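> After the sequence you'll find the predicted model.
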Amino acid sequence: MGYIAPELYSRNFGAISYKSDVYSFGILVLEMVSGRRNLDPSIETQHEVYFPEWIYEKVFTGQQLTVGMEMTQVEKDRVRQLAIVALWCIQWNPRNRPSTTQVVNMLTGRLQDLQMPPKPFFSSASESIP
């Protein structure tokens with residue numbers, strides 16, 4: 001799927017809106033914080049684990065996303081914050097994605113104020129944005 005929001009493939013996911021762009025932004029941020037591409041043919045395990053699921057599990061379990069990079073705790077916290085915001089952005093149901101304004105507020109807010117989103121690939125309409 002790459003950067004294209006699910007609703008662009010099927011109306012079953014919802015209507016096309018500005019939140020389709022929020023999805024694309026979220027995938028881009030996930031690539032930036034992980035140092036991996038969403039669709040990277042050079043990674044053998046790509047077919048085994050869906051890229052956002054890999055990121056989600058790393059963030060959920062508190063593992064470092066970037067391997068081989070020494071970072072301060074402040075930098076690690078910033079990467080975690082970016083990843084959590086990006087995971088909100090890639091919720092499959094557009095109603096569960098934040099608006100651009102909410103994204104900016106989450107990025108400029110404190111990590112401690114962010115809630116972990118539901119798994120983006122199992123998103124339900126009952127979940128809500130922080």
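Sure thing, it's come through.
> where do the helices sit along this protein?
Remark: helices assigned in the chain by DSSP state H are 6-9, 18-34, 51-60, 73-89, 100-108.
> among these, which is nearest Lys119?
helix 51-60 (5.7 Å; C-beta to C-beta). For the C-beta atoms, the positions are set from N, CA and C on the backbone; glycine is no exception.
> who's in contact with the closest one?
27, 30, 33-34, 36, 38-39, 63-65, 80, 83-84, 86-87, 90, 116, 119-121 (C-beta atoms under 8 Å, 6 or more residues apart in numbering).
> pLDDT value on the residue nearest the centre of the chain, please?
Geometric centre of the chain, nearest residue: Leu87, 2.4 Å, by C-alpha atoms, centre = their mean. What the model reports as pLDDT for Leu87 is 95.
> same check, this time on Gly62
So, for Gly62, pLDDT stands at 89.
> Backbone dihedrals for it, please?
Main-chain torsions, Gly62, degrees, to the nearest 10: phi 80, psi 20.
> Show me how far the worst-scoring helix or strand of the chain on mean pLDDT is from its chain's centre.
Sorting the helices and strands of the chain by mean pLDDT, DSSP states H and E puts helix 6-9 at the bottom, at a mean of 81. Mean-position distance between helix 6-9 and its chain equals 17 Å (C-alpha atoms, centre = their mean, to the nearest Å).
> which stretch in the helices of the chain has the least confidence?
helix 6-9 (a mean of 81).
> Check which helices and strands that helix sits against.
helix 18-34 (3 or more C-beta pairs under 8 Å, 6 or more residues apart in numbering; DSSP states H and E).
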